[in-house]
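Kindly generate the corresponding structure for this input.
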Amino acid sequence: MLLALEDHAPQARCYRCGSPDIFAVCHHCGTGMCQEHTPRAVDGGEKPVSKEFAGLGLEGRQAAVYHCAEHDHAVKGGLMNVIVAGGVVTVVGILVMFVNVIAGLVLLLAGLGVGVAAYLAHQRRKAAALAVRPPLPVLPSLDSVNVLETLRGQVRLGEDGTYVSTPQPTEGTLDVVMTLARPDRERLSSYRARFGLGQDDPVEFSAGFAVLKGEAGLTFRPEPAQQNSLLISDTGIAFPGQVSGHPLFSAEHGRPAGQWAVHLPYGLPQARTPRSIPIWIVPSLVPASDKRTLQVDLHWGPLREERPGEARKQLTFLRFELIKLIVPKTWGNVESASPVNAYISNPESQSVRTIEWRPLSPTGPEKTGSQTLTIRFEKQISQADMLIGSLRAAFKGTLSGVTDIRMYRPTGGGWLQAPKATVTMEAEVDFQLSLNSVRYQAVRVVPDGLKDVGRPDVDEFTGVIPDYRTVIELTDELSDSGYYVKQVIENPPRGGGRANLVNRYWDIAGRRYDGVFPIDFHLTLTGEEEYLGSIQANAGSTAARLSVHGSYVNQNMENQVVSEWDALHDLVATRLKSREMFSAAREADTRSPGTHLPPAYGYGAHVPPAQEWDQSPPVAREWAQSPPPPPSAQEWDQSPPVAREWAQSPLPPPSPSPSPPAAGPGPAAGPGESRMATLRRRLEAATDALVEGRISEETYRRIEGNIRAELARMSAQNDD
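Here you go, the predicted structure:
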C-alpha cells in the first residue's frame, strides 16, 4: 500500500486532546482548551475558585480565571474577616475580665491567638498573590472584528489568442476595534490599591485574546510598534499593553471612552495561494451589428487548490464590486450599455473614455459569478485596439482557511457579547485584452447529422431513476471536472400511462472554456419513475440527450468542440452507469433501510404457481408478504403529487387469484385474512414511524383513515 504525506496548515486545538472546539484559553499563556479539559473555574456557589481578580469590581463568572496544566494554581482570598473577628473576641475578653477574670482571660487569649494566626496567614496569602500578580483585566466593548484577504493579479489576452492569468501573493488583514468606557478605566485605581502600586508605577493590562478558527497558520506582519506590544502566534493573538499612553486609557477631551484599533497584516502559506486566477474575460463582436457592438463575458470559476474541491467549498461568490472598461474615443460615443446602471466618463483631455458598473450581483449559480456586458458604440470597433480595464469581486470565506475569529476575555473565558466576525475575500484583477483574435465565427454543433456518425443522439440507461439524487451526483461530477453548470431546471413531473408511473424531465446547461472561446453544452434527462406502495420511486429508466456547441475560426478549434462532446459524453455515461449499478444493488438488498418493496401478495400483485413458491428461498417469501415501510416526512414532501395521491388512495380489492401456498404445514390463509393482516402490519408500521418522527401527524392520520376504512369494509363483507 502506498502512503502519501499531505500538508495541513496549523489549527488552534485543545492542548490535551486536539479538539478544534476551543471553550477557554489559559489567561497566562493563551493555550486553548476544550470544554472537557477546561478546569473548574467557579465553585457550587458560582464564586471564582481562584481569587486573582478579587476586589476589582468583577462579579461572578467575570472574575473566574482559567489555567492550563503548566500554569495551574489558585490564589486564596484574604483573611481580614477572621482578623477582625479575632480582634472583636479580644475586646470582649477584656470587658469580661471585669466580671469574671478567668472567662475574660480565656476569651482574650483566644481572640489574640486567632487574630495573630489569621494576620500571619493573610500576609502569606498577600505575598503569594503579589508574586503572581496578573495584568490589569480590562473588558472593552468589541466594536468590530474583520478578516479581509485580497487576491491581486493580471489577465492578458495576446494578439495570437493566448490567454494568461498571473496571480500575485495573496495578502490579508485582521482588524479588531475595541472601546474602553470610563467605568472600566476606573478599575485601575482598585488594581493599584490591591497590589500596593503607586501612581507612577508602570501597570500592564490585558484586553483578552483572539483565536483563529479553521486550518489557517497565518504569518502575521505587524508594524514595529505592534510587534513590541502584541503577542502573536500563527493561530492566535493576545492583546496586552502598558496603561501609560495607551489609546484605551487616553480618551480625548470630550470623549468618555478610549478606542484601540488593531490592524494586523498577514501573508498566506504558499500552498494556499492559487496558481492562476480563475477569471475568464472574453470579448466578442456581436454578429450583425456592423462591428459596433462589443460583448464582454465575465465568468469567475471555482478557486481550486491542490486538493480538488476544497477551496470551492470554502468560498462563495457574492458580487462584482466594480467593473471598469477603458475604451478608445475613436469608437465614438456610447449609444447603449447593459446592464443599464453604467457610469460613463468622457474626459476631454484624454483619448479614452471610461465605463464603470458598481456593484453587480451575480447572475449564475451559488459559488460562481458570471456577468455579460454589452456596449454599442457610435462607430465601428477597430480590432487593432486593446481593451483595458479592471474589476473587483467579493467572496464570502478566505483562501487561507480562516472561518471565524473567536474572542476571549482576559480571564480566559469566552466573550459574552462578542460581535460576529466578518470573514471575506476580495479579488482585484487588471486586464488587457487584444481584439485582434476577436472575429466572426462559425458555430459547430455536436452531434450534427451525417458529420457525427457513431455519436448517438440519445443514450438509454435502464434502472436509473431520474430523480434529484441522480441530478445532484451528475452536476457535482461536472463541477469537479471543470465545467461551469449555469442552470438546472426541473419541469413539473407528470403522470405516466399507469397510475404508479411519473414522467420526469431535467434540463442542465453549462459551459467550459478552451482558451477564451467558450464551449457550451446542453444535457436533458428524461424518464419514468415507478412507485409501488410508497412515495419514493423503487424503479425507473433514464434517457440522456447531450449536445455541445461552440464557435470556431479554424479546424483545430472545430476539433476541440468535437473532442469536448466525446469527453463530456464519457463523463455522463460513466456517472449514470454507476447509478444503474447502484439501483440494481439497492433492489437486491431486500432488507436495507429505506428500501421500498412491491405490494404483498393477495392485493393486486402477481401470484406465483405453487411450485415456484415452494422453490423460492424463505427471504423471498418474507419479502413478498411484508409491507413497504411508511415514508419519511422529507420523502413525502419531495414526492410528486401523483405518487402521494396513489399512496393515500384506498388499497385495491383482493385479487381473485389463488393465494400463495403456506410456507409450512397447516391450512393457507384466505385472501381476505391475509389482506387484513397486511393492513394491520401497515398500521403498526405507520404508528412506529409517527413515534420515531419520520412522518408528520397529519400524514399519519391520512394513512390511518384509509387503512381503518378498508378494514371496516372487509369486516362488513366477512359478516355478510
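
Need phi/psi at Gln371.
The phi/psi pair for Gln371 (degrees, to the nearest 10) reads phi -160, psi 140.

domain assignment for this protein?
Domain ranges of the chain: 80-131, 141-272, 279-398, 442-588, 610-719, per automatic domain parsing.

Make TSV from the ones you listed and add mean pLDDT, mean neighbour count and distance to Lys420 to it.
C-beta here means a position set from N, CA and C on the backbone, and glycine is covered the same way. Output for the domains of the chain, formatted as TSV (pLDDT from 0 to 100; neighbours: other C-beta atoms under 10 Å; distance: least, C-beta to C-beta, whole Å):
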stretch	mean pLDDT	mean neighbour count	distance to Lys420
domain 80-131	76	15	37
domain 141-272	83	17	8
domain 279-398	82	17	13
domain 442-588	82	17	29
domain 610-719	59	15	30
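
Now the residue lying closest to Thr235 once chain neighbours are set aside: phi and psi?
Spatial nearest neighbour of Thr235, excluding adjacent residues (C-beta to C-beta, 6 or more residues apart in numbering): Ala12 at 4.1 Å. Phi and psi for Ala12, reported as degrees, to the nearest 10, are phi -70, psi 120.

Nearest to Ser19, out of the domains of the chain?
Closest of the domains of the chain to Ser19 is domain 141-272, at 12.2 Å (criterion: C-beta to C-beta).

tell me how far the ends of the closest one are from each other?
This stretch, domain 141-272, spans 33 Å end to end (C-alpha to C-alpha, to the nearest Å).

Just say helix, strand or coil for Val155.
At Val155, secondary structure determined by DSSP: H, G, I helix; E, B strand; the rest coil is strand.

again, but for Gln717
Secondary structure for Gln717, judged by three-state DSSP, is helix.

Now do it against Gly18, distance only.
To Gly18, Gln717 is 68 Å away according to C-beta to C-beta, to the nearest Å.

which residues does the residue nearest to Gly413 when sequence neighbours are not counted bridge with?
Distances taken as C-beta to C-beta, 6+ apart place Ala24 nearest to Gly413, at 5.4 Å, with adjacent residues excluded. Using DSSP bridges, the beta-bridge partners of Ala24 come out as Met33.

ok now do Ala24, which residues does it touch?
Taking C-beta atoms under 8 Å, 6 or more residues apart in numbering, we find Ala24 in contact with 32-33, 35, 38, 41, 66, 408, 412-414.

Could you rerun that using 10 Å?
By C-beta atoms under 10 Å, 6 or more residues apart in numbering, the contact set of Ala24 is 14, 31-35, 37-39, 41, 64-68, 209, 408-409, 411-414.

what's the answer for Asn556, then?
By C-beta under 10 Å, 6+ apart, the residues touching Asn556 are Asp514.

and Leu387, what helix or strand is that in?
strand 386-396 (DSSP states H and E).

who does Glu204 bridge with?
Beta-bridge partners of Glu204, as defined by DSSP bridges: Gln242.

Please, where are all the strands along the stretch 251-400 of the chain?
257-267, 279-285, 293-300, 316-328, 334-338, 343-345, 352-357, 369-377, 386-396 (DSSP state E, counting those that start in this stretch).

In JSON lines: the ones you listed, plus distance to Asp507.
Formatted as JSON lines, those follow (distance: least, C-beta to C-beta, whole Å):
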{"stretch": "strand 257-267", "distance to Asp507": "45"}
{"stretch": "strand 279-285", "distance to Asp507": "23"}
{"stretch": "strand 293-300", "distance to Asp507": "20"}
{"stretch": "strand 316-328", "distance to Asp507": "23"}
{"stretch": "strand 334-338", "distance to Asp507": "25"}
{"stretch": "strand 343-345", "distance to Asp507": "37"}
{"stretch": "strand 352-357", "distance to Asp507": "30"}
{"stretch": "strand 369-377", "distance to Asp507": "18"}
{"stretch": "strand 386-396", "distance to Asp507": "28"}
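
out of those strands, which comes closest to Ala74?
Judging the strands of the stretch 251-400 of the chain by C-beta to C-beta, what sits closest to Ala74 is strand 257-267, at 31.3 Å.
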